[in-house]
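S.K.: predicted coordinates and the sequence they were generated for:
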Amino acid sequence: MFNFIASALVAYLLVNVMKVSGSMMPETANFPEGTFLPFIHEMLAVVGIGMSRTPMNFSAILAILAAWLTWVLIWRTRFGYEMRAFGHSEPAAVYAGIDPTRITIIAMLLSGAMAAMMSLNVVMGFQHRLVLDYVGGAGFVGIAVSLMGRSHPVGVVLAAILFGILYQGGSELAFEMPKISREMIVVIQALVILFTGALENLVRVPVERSFLRFRRRSA
């Protein structure tokens, strides 16, 4: 719920403090060019690889690095073990001597910091200024991506690529074919989430039972 407080604070600052003098748009002035994140096509051009111009920038590499560091933290450190134990069973974690308050606070701080890094893509990647509502519902999309990726860094990366394709491809498809509206793309995304997330247990249980029966017969 603090998101709404932060959003209202940013809106106040953009309208009353940081807005360009004489402009009606609630946004800051363009940042100095030295603060821009390099685009991927610019980075590849340095090593002699040609690529068409794209808004994809250095923040994509930072996102992959963050996913790898998350995997290392959760599956290769003691704190990650405590976090997984606490997530599976709080009473068992408390019985083992794990402090639930410490785990919760640290996990929220780390996740909030990584979520805030998402703004680099918009603010310093291609907008090059701070605009109103630049997040564009990314938080809710992140929940869907996490659900589809089973909260595993590898799955989250693959799910994020899929949703990126749906978003970008859906926008271009709606532009090329007016009969396909933006709402149809949203419905497709909702169906993907429904069948991979909400109906997971509906499919997993009979599949697990089938595998168990097969193993018993083999044994």
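M.R.: Done, it's in.
S.K.: what comes up buried for stretch 136-143?
M.R.: In terms of neighbour count (16 or more other CB atoms under 10 Å), stretch 136-143 has its buried residues at 141, 142. Every residue, glycine included, has its C-beta placed from N, CA and C.
S.K.: quick one: average confidence on that stretch?
M.R.: When pLDDT is averaged along stretch 136-143, the result is 79.
S.K.: chain center to it: distance?
M.R.: Relative to its chain's centre, stretch 136-143 lies at 7 Å (CA atoms, centre = their mean, to the nearest Å).
S.K.: which of the three states applies to residue 133?
M.R.: Remark: residue 133 carries the secondary structure label coil [criterion: DSSP: H, G, I helix; E, B strand; the rest coil].
S.K.: okay, it: pLDDT?
M.R.: Looking at residue 133, its pLDDT is 80.
S.K.: burial count for it?
M.R.: The number of residues packed near residue 133 is 11, by other CB atoms under 10 Å.
S.K.: which residues touch it?
M.R.: By CB atoms under 8 Å, 6 or more residues apart in numbering, the contact set of residue 133 is residue 7.
S.K.: can you list phi and psi of it for me?
M.R.: Phi and psi for residue 133, reported as degrees, to the nearest 10, are phi 60, psi 40.
S.K.: domain assignment for this structure?
M.R.: The record's domain parsing of the chain by automatic domain parsing lists 1-130, 137-219.
S.K.: which of those has the lowest mean pLDDT?
M.R.: When the domains of the chain are compared on average pLDDT, domain 137-219 comes out lowest at a mean of 79.
S.K.: kind regards, and thank you for your time.
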